[in-house]
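Novice: when you get a sec, could you give me coordinates for this:
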Amino acid sequence: MANLACIGGLVGIACVLSGPAVVSAQTTVYGLTIPAGHPRIWWNAERITRAREWYQRNPFTARTYPPEEGAFDNALLYVLTGNAQYCRTAIGYASGILVTNLAANSPTEGVASDGLRWYGEQVIVTYDWCHAQLTQEEKDLLLNRWNFYLDNIRQHSWGNALMYESNFNWGYMRNMIEWGIATYGENPMADTLLADGLINRWQNNFAPYARTGGGRGGVWQEGSNYGGAIGDYATIPFVTAMLLGRNILAETNHQKENIYYVIYATTPDRTFHLPSGKSFYEIFPFADDGRFQDGGFITSSVWGDFMATVSDHWRDQPAGQYARRWINLVSSVSSPLIQAVDHGSATLDFSNLPLDYYAAGPAFLYGRNQWGAQATTWQLQLGLARDPGHGHNDLGSWQIWRNGRWLSRETTGYVDTILNYAGTGVVDNGEAVGHNTILINGDGSSAKHEKPETMYTMRRVESRPQYSFSAVDLSPGYSSRASHVEREFLFIRSLETMLVFDRIDAASTKTFLAHFEQSPTVDQANRVVNAVNGTQALRLTTLLPAAPTYTVITEGSHVGQYRLQVDSPGAGQTYFLHVLQAKGASDPNVSASLVDGGSSYTVTLTHPTKGAVVVLLQKGMTSAGGSITMSGQTYALINGMQPMTVTSSGPAWGDPLAPAAPTGVRVIK
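Specialist: Just a heads-up that it's a prediction; the model follows:
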């Protein structure tokens, strides 16, 4: 009876949180042991004690706008202080959230509910954390309303369990799990909703996809803006599941892979942000990204809450310590909820990690010449992300960064327009022309993100201390425009130079694209383009074809850049061979020469102080063979896929002399 007697005030909340009611009359379902008492979401007695001690050292004031954040903050302050007035404020906010929303109110109308995805958690934690302060009328109001909303949205096709990477799917998954836990035992819908989130969306669909399908590698595939929402949405429900006895983070390797994706995709140092003139740590952009123009989005709590949570969870393992190093490096912020229970941890330096990271799901390859702020780093989008909502036509695209500057990147935006291929008319920046891809007769691939596994075949991937090599057959994505398209990328670390070798068979003009933040200088006679950005430069040399046509298009709009188009007219088989040297603007150049050996090409790259490298490339429309000779040693380029695994200690590359066979991408349906 002690628990009932003290419900309601400052002492009462302490009793409810730490007394017998929290752990008695519990229910075990779907691997969770759900207590009869509240709160159930995020908290146990030890975490509450630690959070209250943190709050004494770090007091904060609840937000008043927007109202949904006011609900969350006030409910949190009630847990931290026991002051019932905070709950009255939170309940007032929560009672007004999403009163009218078409998609939430009808299973047959509307596409999806942003409001349900954005605000559901605020209502749920208010119901759970302020449970002792809710009147029966208020409980009935929230139970009836949110059962209705969640049951309706559960029936929508948009955001369903097969939209693995969708922020809607993950927002709904979070809500189903949390509402099911928070209301279990007093809500007849709780079991249905909990099963939808925890079993249907997670266990039966996303988990297999993450283990053996398109989710391998941990890239958040909705892109550099929306992708981070997946980590953010998973934080509270997954931690709650672990507190209730189900270690959901151990059911796949996905969250550990997320850590390494974030690390490898983050620029090594602050990056000059052209729109603002400031510098921020950034992440290699892809897909719809309306936040790129603001600068430094990865320093926000959308990214910081996830990284701090996994760092705390794995604080005694390298994965958590690498995550902590990332947090400290980019000065990423996390919300008070996360900070209040964070133990802190040691850090590990990134120099312990390999130089390359391959995410097999979307076939994204990240690499660099070294670790540290002075590194040259790059991203290759060899395949397609699995994103039916925010994906771009960016099949086969590449991007390069050096010493605080983008040497070449995609034209990043969200429903923004740029000038089209011919320089007249406008297209969405998400089309291929806005990326460093291949065009055929002015158009890119016809790839669709709904079925990305049918759009390309990975042929070769190799990572060595001296170089990184990859090859991909993009032909299926160009089936309506070209008979064959393959791209090879060879990055030579000592020279900070990448070779891009394209094998194309098409009946019309082929175009190699590169984008720059500043207008490049074209030396037509020597087939050299010099793109200077601040103190850094990308020197692009065209070795093939012998007589290319260069055009620089000013793309226009607030997102547009300067687009270099290297054209080769005419039908039939064509090779593009480009040398991309990353360097300081005043540093010595790498000279490049080409010898046609009949069945092969020999490329000699020479730097005045770093020596010479000789690359042999076999001709033909299918990537095979080849070698690289440097420092007196010749390496045969891999025929197949060098295996890479991810453990808590980090990515680990297998033996390049025992590669797996070239393969397409298998996606669990």
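Novice: torsion angles phi and psi at residue 341?
Specialist: phi -120, psi 10 (degrees, to the nearest 10).
Novice: helix, strand, or coil at the nearest residue to it once chain neighbours are set aside?
Specialist: Excluding the flanking residues, the one nearest residue 341 by CB to CB, 6 or more residues apart in numbering is residue 47, at 5.0 Å. Bear in mind the C-beta positions are built from the backbone N, C-alpha and C, glycine included. Under DSSP: H, G, I helix; E, B strand; the rest coil, residue 47 falls in the helix class.
Novice: what's the local residue count around the nearest residue to residue 594 once chain neighbours are set aside?
Specialist: Once flanking residues are discounted, residue 594 sits nearest to residue 543: 4.4 Å by CB to CB, 6+ apart. Neighbour count of residue 543, defined by other CB atoms under 10 Å: 19.
Novice: and for residue 101?
Specialist: So residue 101, with other CB under 10 Å, has 18 neighbours.
Novice: check the gap between it and residue 149 for me.
Specialist: Applying CB to CB, to the nearest Å, the value for residue 101 to residue 149 is 8 Å.
Novice: before we move on, what about residue 299?
Specialist: In this view, residue 299 and residue 149 are 33 Å apart by CB to CB.
Novice: those two: who's more crowded?
Specialist: A side-by-side neighbour count of residue 299 and residue 149, using other CB under 10 Å, places residue 149 first with 22 against 17.
Novice: mutual contacts of residue 101 and residue 149, please.
Specialist: Overlap of the contact sets of residue 101 and residue 149 (by CB atoms under 8 Å, 6 or more residues apart in numbering) consists of 113, 116.
Novice: longest strand in the protein, please.
Specialist: Using DSSP state E, we find that the single longest strand of the chain is strand 572-584.
Novice: immediately after it, which helix or strand?
Specialist: Sequence-wise, the next helix or strand downstream of strand 572-584 (DSSP states H and E) is strand 591-596.
Novice: which neighbours in the sheet does that following strand have, and how are they oriented?
Specialist: As defined by DSSP bridges, the strand partners of strand 591-596 come to strand 600-607 (antiparallel).
Novice: may I have the strand it pairs with exported as PDB, CA atoms only?
Specialist: The C-alpha coordinates for strand 600-607 follow below in PDB (Å, rounded to 0.1, in the frame of the first residue of the first chain):
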ATOM      1  CA  SER A 600      45.500  -3.200 -73.000                       C
ATOM      2  CA  TYR A 601      46.400   0.300 -72.000                       C
ATOM      3  CA  THR A 602      49.400   1.200 -69.900                       C
ATOM      4  CA  VAL A 603      49.100   4.400 -67.800                       C
ATOM      5  CA  THR A 604      52.200   5.900 -66.200                       C
ATOM      6  CA  LEU A 605      51.700   8.400 -63.400                       C
ATOM      7  CA  THR A 606      54.700  10.400 -62.300                       C
ATOM      8  CA  HIS A 607      55.100  12.800 -59.400                       C
END
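Novice: going forward, the N-terminal residue is numbered 38.
Specialist: Okay, using 38 as the starting number, the last item reads as strand 637-644.
Novice: where along the stretch 38-187 of the chain do the strands fall?
Specialist: Assigned by DSSP state E, counting those that start in this stretch, the stretch 38-187 of the chain shows strands spanning 64-66, 69-71.
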